[in-house]
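Engineer: mind folding the following:
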Amino acid sequence: MRPPVARWVSAVGIAATVALAAGAFTLSFTALTDLATNAGIRADLAWIWPLIVDGLVVAATVAVVALSGRRERWYPWLLLVSAAAASIAANAYHAAIPKGTVMPPSMAAAVSSVPPVVLLAVTHLTVILTRRPEAVEATAESVLPDGTVPRPLTVWGLTRAVPYPDGLVMLVVVTNLVTW
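Structural biologist: Purely as a prediction, here's the structure:
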């Protein structure tokens, strides 16, 4: 058994984490806002782009903790790694291009595609977070009103058939994020 940690050690660790997170967010926010503007997003709306990218990192991190012990935990991990990679790549790209350089159209398209992709991803994450854990487990025995048992859908080796009130069944398909 590990010895307990003194409260002041935890407090210093938490304070350092908050300070580092604030600094990292500020610098990333500045770079990503500039990148969004350079990609053609209106200057008065460009500040939203870093909130979407880095906000997904925060949302996915919280979801990983919230889904502890559940099979669906892989999805927020995928979002966390993907969003962190996107943030790192975008910050690096911003640093690599000279100030005033026009962004190539393919990169501007990639930057502009992030908000709708994140919308799809967090919508699915919300479904996972709000679904009762026992709902997925109970599906094998689900019976439709006519007495038939639904055949589950298998996507990438994952099977899901989620029962809803009145015996209806909805098949949940894993979101496939495509990057180019």
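Engineer: mind checking what helix or strand follows the biggest helix by length in the chain in sequence?
Structural biologist: Criterion DSSP state H: the longest helix present in the chain is helix 7-38. Helices and strands here follow DSSP states H and E; after helix 7-38, the next one along the chain is helix 48-66.
Engineer: for this structure, what are the low-confidence residue spans?
Structural biologist: In the predicted model, the chain carries pLDDT under 70 at residues 1-3, 133-180.
Engineer: repeat the analysis, applying 90 as the threshold.
Structural biologist: 1-10, 68-72, 98-102, 131-180 (pLDDT under 90).
Engineer: for the most centrally placed residue in it, which non-adjacent residue is spatially closest?
Structural biologist: Central residue of the chain (C-alpha atoms, centre = their mean): Leu79, 3.6 Å from the mean position. Ranked by C-beta to C-beta, 6 or more residues apart in numbering and with sequence neighbours excluded, the top spatial neighbour of Leu79 is Ala60, at 4.0 Å. The way it works is simple: take the backbone N, C-alpha and C, and place the C-beta from them, glycine included.
Engineer: neighbours around the one you found, how many?
Structural biologist: Ala60 has 22 neighbouring residues, counting by other C-beta atoms under 10 Å.
Engineer: contacts only, for it.
Structural biologist: Taking C-beta atoms under 8 Å, 6 or more residues apart in numbering, we find Ala60 in contact with 76-77, 79-80, 83, 125.
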